[in-house]
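**Student:** here is my input; please provide its structure:
(chains A and B)
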Amino acid sequence: MTDDGYAVRAEGLVKRYGEKRALDGFDLTVREGTVHGLLGPNGAGKTTAVRILATLLRLDGGRATVAGLDVARQAQEVRARIGLTGQYAAVDEVLTGRQNLEMFGRLFHLGGRRARLRAGELLEQFRLTDAADKGVGKYSGGMRRRLDLAASMILTPAVLFLDEPTTGLDPRSRGEVWDSVRDLVAGGTTVLLTTQYLDEADRLASRITVLDQGRAIADDTPDGLKNTVGGDRIEIVVAERADIPRAVKVLARVADGEPETDETELRVHAPVADRVAALTEAARTLQDEGIAAEDIGLRRPSLDDVFLRLTGHRTERTETGKETAA
Amino acid sequence: MTTVDLSGRPAHGRVYWVLADCWNVVRRGLTHYQRQPANILWALGFPIVSVLLYGYVFGSAMRVPGGGDYKDFLMPGMFVMSMAFGFINTATLVVHDSTKGVTDRFRSMPMASSAVVAGRGVTDLVLACAELLIMMGTAFAMGWRPDGGWAFLAAFGLLLWLRIALIWVGVWLGFLVPNPEAAGNLFAVAMPLTMISSIFVAPQLMPDWLGFVAAWNPISSTAAATRELFGTPVGGGDGWIEQHALLMAWVWPLILTVVFLPLAVRRFQKLSR
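**Tutor:** Coordinates of the predicted model:
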């Protein structure tokens, strides 16, 4: 436990690569025992921030503590209290799952006997006992990710850095990883999560920091962030493209703002205050005017809307390439 | 959730943990060979095939200046070649761990960071010993008879000393190249660097300028020194470098170590920049 209740505290982090500033005065606080999401477009500095907090990179300015310890001056102590899973930390693909966990356990200085016991325990906890003595090369994506998580949990770290933990996994495996993360947090671990799936951050994180060009540009709960883009919207999907202008007129009558259209998805939407009344009115008018609607409903703004509003970019999925180490 | 008591880890000094961490990294490398028997067959089969191939194919056509059995000239050369090519293996494994993220996981753990590199080096030395023993066994089966007595062990030591020096070159290159494929291409560099030496052909038989380069190739000194220690000093030249092979077989690897060990350490530290 830290004195101030913050598992991570970063103030004015700066990281330079030549002329480019990967981090340019980045601030972050993460409350103990929570999942904190770190979102941002490609090259925003997420990777750099996590690598600095996990003691893999030296910072050029600012100050950061993890579990109450200074990442620059007490790196070795920090390492005994963190776990790192994802893009930059991997398991050995030649060894079996059990051999991996035993090796990492011995390297965490548990000693042979306890490393062996701990490996067995983790294999069970992450439902890998059946595959324990198979080479990791033969594991499915989800199993490998769970083993990766298990390896990060050997010392039950105070802070776990999860970098894109479910990228490339099928929906079932994603669900399994999410369950494991929730279990860990229930056990008292703090998680700093970077992800390219905004719904993942929405489901797991109790607070989110949005990063752009090396700075934190927003920090709030998922609901708080959504409220900044506005309240509920009414949304109509029409059957025919030709009906879009008429649907816009219908919405303009009941809405509290300019309707927006999405031509490719045949979607018209607008903000509404008086939610149910507006919905009923819109539905009736559509019918009266004979406009065929595929769908009509109320929608909360998604984190995608927040992301677009804040950074001017779509989410990473629609862009090409992965974030580079810079 | 946790029933294993994780508190109160055993108290030991720093040196103990450096050695223990190093041993655990070595153990990982050896387990790799155990889990991939095909790889170890390749690693050890290649030297056997080389000894047979060069011994019979080249052996039938080659002569040694000043007389003597070509086998006595070739075999120590083959041992040196296998040590020299070893740095490619080191580089490949280092870059593999870096690109896969295994190196970063090690670095994010409270283990001795020197053990990451030292463990790699010791693992490679173990493999080098196995390679040498197998090659020597094959050579013996083909009729190679060293008669230097206990100096045999000194020759073995000199061969490993060369391999140790090249570990640093391998580690340095492993952190330098972008991916394992690029490390494989190092073979194209290693090939001429090892061929232009006295391992297969006596430098006196080459054009003057080439013979000079070959004689001053660091691995030529190891080859000449081991031929001497095996009690079969055939094909030696009379230049200064050839006359001081024993001395230079110590000095060359020392120079390589002095140059490449700091470079390798710097590269490793640069990972956190």
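
**Student:** how many residues are close by the closest residue to residue B:210 other than its chain neighbours?
**Tutor:** Once flanking residues are discounted, residue B:210 sits nearest to residue B:196: 6.6 Å by CB to CB, 6 or more residues apart in numbering or on different chains. (Each C-beta comes from the backbone N, C-alpha and C, glycine too.) Residue B:196 has 20 neighbours, counted by other CB atoms under 10 Å in any protein chain shown.

**Student:** what sits against residue B:196?
**Tutor:** B:210, B:213, B:214, B:217 (CB atoms under 8 Å, 6 or more residues apart in numbering or on different chains).

**Student:** by neighbours, which of those wins?
**Tutor:** residue B:214 (24 neighbours).

**Student:** how about the contacts made by the spatially closest residue to it that is not a sequence neighbour?
**Tutor:** Take residue B:214 and drop its neighbours on the chain: the residue closest to it by CB to CB, 6+ apart is residue B:203, 4.2 Å away. Contacts for residue B:203 (CB under 8 Å, 6+ apart) come out as B:210, B:211, B:212, B:214, B:215, B:220, B:237, B:242.

**Student:** all strands for chain A, in order.
**Tutor:** Taking DSSP state E as the criterion, chain A carries its strands at A:6-17, A:20-31, A:35-39, A:61-66, A:69-70, A:82-86, A:159-163, A:190-194, A:207-212, A:215-220, A:233-238, A:260-262, A:267-271, A:293-299.

**Student:** determine which stretch of these is the most buried.
**Tutor:** Of the strands of chain A, the one with the most neighbours on average (mean count of other CB atoms under 10 Å in any protein chain shown) is strand A:82-86, at a mean of 27.

**Student:** what residues does that strand touch?
**Tutor:** Contacts for strand A:82-86 (CB under 8 Å, 6+ apart): A:54-56, A:66-67, A:145, A:148-149, A:151-155, A:157-165, A:189, A:194, B:104-105, B:108.

**Student:** what does the stretch 151-300 of chain A put close to chain B?
**Tutor:** Residues of the stretch 151-300 of chain A lying close to chain B by CB under 8 Å from any CB of the partner chain are A:151, A:155, A:156, A:183, A:187.

**Student:** as TSV, those with neighbour count would be great.
**Tutor:** TSV is the format used below for those (neighbours: other CB atoms under 10 Å in any protein chain shown):
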residue	neighbour count
A:151	27
A:155	23
A:156	19
A:183	15
A:187	13
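
**Student:** out of those residues, which comes closest to residue A:254?
**Tutor:** Of all these, residue A:254 sits closest to residue A:183, with 45.4 Å by CB to CB.

**Student:** which residue, other than its chain neighbours, is closest to the closest residue to chain A within the stretch 101-250 of chain B?
**Tutor:** Scanning the stretch 101-250 of chain B for the residue nearest chain A gives residue B:101, at 3.5 Å (criterion: CB to the nearest CB). Excluding the flanking residues, the one nearest residue B:101 by CB to CB, 6+ apart is residue A:90, at 3.5 Å.

**Student:** contacting residues for the one you found?
**Tutor:** Residue A:90 sits next to A:148, B:100, B:101, B:102, B:104, B:105 when contact means CB under 8 Å, 6+ apart.

**Student:** I figured the first one hits residue A:91, correct?
**Tutor:** Yes. Using CB atoms under 8 Å, residue A:148 and residue A:91 qualify as a contacting pair, with a distance of 5.5 Å.
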